[in-house]
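Chemist: Fold the following and give me the result.
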Amino acid sequence: MELDGTSTIQGGDSAEVGSPAVRSAGDVSKVDRMDGARPDGSPQYGSHLDGAAGNPVNASTGSPPIADLPTASLDVTNRPWRIEQNGIRTVPDSARSGTVWDLFWVWFAANIGILGVVLGAIVLAFGLNLWQSILVIASGTLLSFALVGAFSVAGWHGRAPMMTLSRAVFGIYGNIFPNVVSWVSLVGWETIAVITGTLAMMALFGMYFHLGTILLGAASLLVVAGLSVAFSILGQATLVVVQKWGSYLLGLMTLAVLAEILTKTSFHALAAQHAGSWLDGVLPAFSIVVAGTGLSWANAAGDYSRYTSTTTSRRSVFWAPVAGGSIPLVILMITGVLLGAKDPHIATAANPIAAIQHVLPSWMAVPYLITAAGGLIVEADLSLYSSGLNLLNLFIPLKRYKSVLIDSVFMLGGTVYVVFISSSFFQPFESFILLLGAGLASWAGVFLAGQLRYRAVVAAMPDVPSASTDWGRPQAGHPRLRQVALAGTSSMSTTVAAAASAIPTMQGQSRPQSPVQPSASAIPTTPAVNVLYDGHATSVLVHKGVGWAAVLGWLAGTSIGLLFTTSPFFDGPLAKGIFAQSSLEILVAFLVAALVFLVVARVVRAAEIHDWLA
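Modeler: Prediction:
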C-alpha cells in the first residue's frame, strides 16, 4: 500500500509515532499511535473538515461524504466581532490561538449568575450545618467541573465540538439520540435563563418607566434575548471577549451584592445548627450540587477548548474550566447558605430573583438587578452557541449562525409564552428540562469511560482547502479517499487508532478543474480516521456508524435512572426514600451507563453486535 509515494510496513513491523507506516491486520489495520502527537505532547492531526457527515452516502459516487475533497478555499479565521465561519468541522492548527485564560473566563462568567445563591440555600434546606454545607458545595462543585475539565481536554485534543467528538464512541448514527437530548436540554436551559433575565430586566425598567406589562416585557426581552442571540451568532471568539469583560464587570458587582447579603446573615443561627444526616441530608444535597453545576455543562465543554493553542499543556486545559466554573459558584453557594439561614423561603421561592431582592436595601436594587440580568445573559449565550452546534450534528444542512437563529426561535417562543401568556407554565417546563438529566448523565458516563479506557480520539481529515458547508455537505465529482477506521484499545497514556482498508494513492486520479488544487504536501503523513464524519467507518467501538456498546450503555443508564426519578410528570417506582427529593438518579444513570458500556465493549466487538441484530 502507498500513501502518496510513501511505503508502509507490512506484517509485524511496527510504526513509529507520526510515521505513515501501518501494519496490516486483515480487515482492520492497527497503528501504534495515530494522534500525530508532537514531541512536546501537543496534538497534531490531519486537518479540518467543514462539518459533519451530512448525507451518509454520496449519491453520485456511492462513497461516504468525507470522501469528497472540495478544492475551493475556505476562510477558517476566527476573530472577535466577526461571524465565525467554522461549524462542526475540526479546527486547523492555524486557527487555534486560544489561551488558558480564555477558557477560564468563559466558564467564570457562565457561572457568575446570582442563582448560585439559591442553590446554596437549597443545600442548607436539607438540614445541614454550616460545615457540612461547605463540604458538600466544595466537593460537589469540584467533582462536577472535573468532568468539564476532562471533556475540555477531549475537545482540545480532538479539535471538534463536544457532541461531534461523542461520535468517536457512539458513532454518527448512534450519537443521534444523546445528541437530541443534549440539544433539547441546551435550548431549554437557555430559554429558562432568558425568561429569568427578562423578569429581572422588567423589574429594573419598572423602577424608572411606568409602562404596561406588554411594553415593559417586550423591551426587556429585546435587551436580554437580543444580546444573547447576537453574541452567539458572532461565535466563539466574540464569546471569549464578552465572557472576559462580563467576568470583570459582573464579578465586581456580584461581590458588592454578596457583601451586602453578608450583613444580613444570622451567624448565631448558623452556629446553633445541628449536623444533618449524612445519608438523608449530605448525600442528596451532594447529588443536587453535582447535577446543578458542572454536569449540566459537560455536553458543551469541548465547544470552547477546541480553539485552544496546541502549545498549551493538557493539565492547564483541564484546570482552567475547573477553576473558572468552581470559584464563583462556591462563593455564591456559600453565600446562599448564609442567606438561607436568615430566610429559608429563598430555597423554594417561585421567583428567586425577587426573593433575594426582598432582603436587600432599596438602594441596592439597581446594581443587584443589573448583576442578575447580566449574569443570565452570559449564561444564555453559551447555551445558545452550543445548541447551534448540536443542531448541526443532526445533519441539518445550514451554516452555523443559521442554526443559532433556529434555536433562537424556540427560545423566544418559550420566553414569550411564559412572560406574556402563562407564567404557570414555567415550573412544568423547568421540570421537563430537569427530567433530561438522566439522559445527559448517561451520555457523560459513557463518554468519560470511553475517553479513559480507550482514548477514542480520532484523527481528522487530510489538510486540504474545504468549501463544504458547516454541516459537511458533500460535493460530487472530487477525488475519493476510502474510509479509514479507528481500531485497537489502549491505556490512558496511548491513543487507539487504526486504518481499515487501503488508501488509494492520489496520483493518477482525474481531478476537476479548479483554481485551487490540493498539493502532495496537503496529503497527510498518517492515515486519517473518519468515525466522526463517516457513516461507513468501522472501529473497535463503532461499526457502520453505530457504537453499540455506547448505545446500550446509554439506554441502560437512562432507563434505570428514570426508575429513580421524581417529577411532576411521573414518579419512578424506585423513587423512594433519599431518591424522592434529590438528584441521585443522575449519579445512578452515570455509573450504570459507564459500567454497561465498559462490560459490553470488553466482551464483544461492535461488528459482532451489529451482526447479531441484523
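Chemist: Thought Ser313 was touching Val153, still the case?
Modeler: No: using Cβ atoms under 8 Å as the test, Val153 is too far from Ser313 to be in contact (10.2 Å). Glycine gets a C-beta too; all of them are placed from N, C-alpha and C.
Chemist: quick one, which of those two is more surrounded?
Modeler: It is Val153, of Val153 and Ser313, that has more neighbours when counted by other Cβ atoms under 10 Å, with 22 against 13.
Chemist: mind listing what the more buried one touches?
Modeler: 305, 314, 317-318 (Cβ atoms under 8 Å, 6 or more residues apart in numbering).
Chemist: run the last query once more with 7 Å
Modeler: With contact taken as Cβ atoms under 7 Å, 6 or more residues apart in numbering, Val153 is in contact with 314, 317-318.
Chemist: among the residues you listed, which are in helices?
Modeler: 314, 317-318 (DSSP state H).
Chemist: what ranges do the helices span in the stretch 151-300 of the chain?
Modeler: Here the stretch 151-300 of the chain has its helices, by DSSP state H, counting those that start in this stretch, at 162-165, 167-170, 176-206, 213-234, 236-262, 267-271, 283-292.
Chemist: So which of those is nearest Trp554?
Modeler: Judged by Cβ to Cβ, the one of the helices of the stretch 151-300 of the chain that comes nearest to Trp554 is helix 176-206, at 5.8 Å.
Chemist: mean confidence score for the closest one?
Modeler: What helix 176-206 shows for mean pLDDT is 92.
Chemist: Spatially nearest residue to Trp183 (excluding sequence neighbours)?
Modeler: Asn390 (4.0 Å; Cβ to Cβ, 6 or more residues apart in numbering).
Chemist: before we move on, the earlier item: is it possible to export the helices of the stretch 151-300 of the chain to CSV including mean neighbour count and distance to Val600?
Modeler: Converted to CSV, the helices of the stretch 151-300 of the chain look like this (neighbours: other Cβ atoms under 10 Å; distance: least, Cβ to Cβ, whole Å):
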stretch, mean neighbour count, distance to Val600
helix 162-165, 30, 20
helix 167-170, 31, 12
helix 176-206, 24, 16
helix 213-234, 19, 37
helix 236-262, 19, 35
helix 267-271, 12, 48
helix 283-292, 24, 25
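Chemist: Can you flag the buried ones in the contacts of Val153?
Modeler: Buried members of the contacts of Val153, counted by 16 or more other Cβ atoms under 10 Å: 317-318.
Chemist: Burial check on Ser277, number of neighbours?
Modeler: Neighbour count of Ser277, defined by other Cβ under 10 Å: 14.
Chemist: Now do the phi/psi pair for it.
Modeler: Phi and psi for Ser277, reported as degrees, to the nearest 10, are phi -70, psi 130.
Chemist: Just give the closest residue to it, not the sequence neighbours.
Modeler: Gly127 (7.1 Å).
Chemist: For His543, give me phi and psi.
Modeler: Given degrees, to the nearest 10, the pair of backbone angles that His543 has is phi -130, psi 120.
Chemist: where's it relative to Gly171, distance?
Modeler: Distance from His543 to Gly171, counting by Cβ to Cβ, to the nearest Å: 8 Å.
Chemist: Looking at the two, which has the bigger crowd around it?
Modeler: Using other Cβ under 10 Å, the more surrounded residue of His543 and Gly171 is Gly171, with 28 against 23.
Chemist: residues in contact with Leu595?
Modeler: By Cβ under 7 Å, 6+ apart, Leu595 has no neighbours at all.
Chemist: what about 10 Å?
Modeler: By Cβ atoms under 10 Å, 6 or more residues apart in numbering, Leu595 lies in contact with 445-446, 449, 553, 556-557.
Chemist: gap between the helix or strand where it lies and the chain center?
Modeler: Leu595 is part of helix 584-603, with elements assigned from DSSP states H and E. Computed by Cα atoms, centre = their mean, to the nearest Å, the chain-centroid distance of helix 584-603 equals 19 Å.
Chemist: my guess is Ile112 contacts Val330, does it?
Modeler: No: here Ile112 lies out of contact with Val330, judged by Cβ atoms under 10 Å, at a distance of 11.9 Å.
Chemist: More neighbours: which of those two?
Modeler: Between Ile112 and Val330, counting by other Cβ under 10 Å, Ile112 is the more crowded of the two (28 against 21).
Chemist: Give me the pLDDT for the more buried one.
Modeler: Note for Ile112: predicted pLDDT of 90.
Chemist: And what about it, helix, strand or coil?
Modeler: Recorded secondary structure, Ile112: coil (DSSP: H, G, I helix; E, B strand; the rest coil).
Chemist: What distance do you get for it to Ala121?
Modeler: Ile112 is 17 Å from Ala121, by Cβ to Cβ.
Chemist: Pull the number of nearby residues for the closest residue in space to Val600 that isn't next to it in sequence.
Modeler: Spatial nearest neighbour of Val600, excluding adjacent residues (Cβ to Cβ, 6+ apart): Ala549 at 4.0 Å. The number of residues packed near Ala549 is 30, by other Cβ under 10 Å.
Chemist: in the one helix or strand Ala549 maps to, what's buried?
Modeler: For Ala549, the enclosing helix or strand under DSSP H and E is helix 548-563. Buried positions in helix 548-563, judged by neighbour count with 16+ other Cβ under 10 Å: 548-558, 560-563.
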